[in-house]
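Structure for the following, please:
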Amino acid sequence: MKNKFYQYIQDLQDRITSKLETIDGKAKFQQDIWKRPEGGGGRTRVIENGNVFEKGGVNISGVHGKLPKSMQSYFKVDDVDFFACGLSLVLHPKNPMVPTVHANWRYFEMYDTNGKIIDSWFGGGQDLTPYYLFKEDAKHFHQTCKIACDKHNPEFYPKYKARCDEYFYNTHRNEGRGIGGLFFDYCKTSESMTMENWYNFVTEVGDSFLNAYVPIVENRKDLSYTDAQRNWQEIRRGRYVEFNLVHDKGTLFGLKTNGRIESILMSLPPHVQWVYDHHPEAGSDEEKLIEVLKNPIDWINK
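Just a heads-up that it's a prediction; the model follows:
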């Protein structure tokens, strides 16, 4: 399974970066091939200073070796080996009318001292972080997620949408990082789902990403905006940074397994602000976004 999924994310990375370069029309992805001393490595691709994308990364990795002590306690295991692979992407558009997007699809295995698999699972998801709210964009993104989920189980979308709303939440701010999407983890063999079933589901979601995001970018990338709206974008990017550095489990896992720091932190935007005690003007579009982020919304039926 690990070889099959790693081949899939290599192909998906190629498809996504090729499409994004076409949309941008200027910038190209810079590629770095890196090796992890303890085992494995990855292929990092970063785009910067484009017509559309101010900064973005579409990275894949496959790492293996002894599970670090810090992660042993987290997973409640003793001395085990592990393998983890996945694709992680974040795109920060230049135009504040275009939302930031994040996605991740991953696979994990753990082995005993004899090399036997003792546990394995899939995880991942995709979520949208707008700076200005267009309800039709939110509905399109969520509808695309739902279509992908419904092909496998009609219970998946409401379940993983709720988990996304719960996970991507800045508890110290009492607001969501964005308007959500899907988040699933520890997808293991059960009576109803084999690992092959989970592979089919996770790759279905991965294949849906471009359909979910690209139409939004194409509709918004050429809209005009003001300096004040750009400032608001940078303030909201600060909330994005706060989540990634304070709450995100993927960032924590990368740092604790001696991951490549440049690849881990490629998710951070190049221009960001923290304005002391900032509050948007009452009744403004900015305030409307904040109100939406306080409580999850059923975008499909809104």
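
Contacts made by the least confident helix or strand in the chain by mean pLDDT with the rest, please.
The helix or strand of the chain with the poorest confidence is helix 69-75; it has a mean of 75 (mean pLDDT, DSSP states H and E). Under the contact criterion Cβ atoms under 8 Å, 6 or more residues apart in numbering, helix 69-75 has outside partners 67, 78-80, 82, 110, 253, 256-257. Every residue, glycine included, has its C-beta placed from N, CA and C.

now, which of these sits nearest W232?
F253 (31.7 Å; Cβ to Cβ).

tell me which residues in the least confident helix or strand of the chain are buried?
71-72 (16 or more other Cβ atoms under 10 Å).

just how off-centre is it within its chain?
Helix 69-75 sits 23 Å away from the centroid of its parent chain (Cα atoms, centre = their mean, to the nearest Å).

and the next helix or strand after it, which strands flank it?
Beyond helix 69-75 in the direction of the C-terminus, DSSP states H and E gives the next helix or strand as strand 81-93. Strand 81-93 pairs in its sheet with strand 53-66 (antiparallel), strand 100-111 (antiparallel), by DSSP bridges.

between the top helix by length along the chain and strand 81-93, how many degrees?
If you go by DSSP state H, the chain has its longest helix at helix 195-220. Between helix 195-220 and strand 81-93, the angle comes out at 10 degrees (axes from the mean of the first three to the mean of the last three Cα atoms, to 10 degrees).

thought Q10 was touching I60?
Yes. Between Q10 and I60 there is a contact at 6.2 Å, judged by Cβ atoms under 8 Å.

what touches both of these two?
Contact criterion Cβ under 8 Å, 6+ apart; residues shared by Q10 and I60: R43.

Of the two, which one has the most company?
Using other Cβ atoms under 10 Å as the criterion, Q10 and I60 rank with I60 on top: 23 against 14.

Would you mind measuring from the more buried one to D14?
I60 is 10 Å from D14, where distance means Cβ to Cβ, to the nearest Å.

and the closest residue to K221 other than its chain neighbours, what does it touch?
The shortest distance from K221 to any non-neighbouring residue, by Cβ to Cβ, 6 or more residues apart in numbering, is to V52 (5.0 Å). Contact analysis of V52 by Cβ under 8 Å, 6+ apart lists 23-25, 93-95, 98, 217, 221.

and M1, which of the strands paired with strand 81-93 is closest to it?
Of all the strands paired with strand 81-93, strand 100-111 comes closest under Cβ to Cβ, at 6.9 Å.
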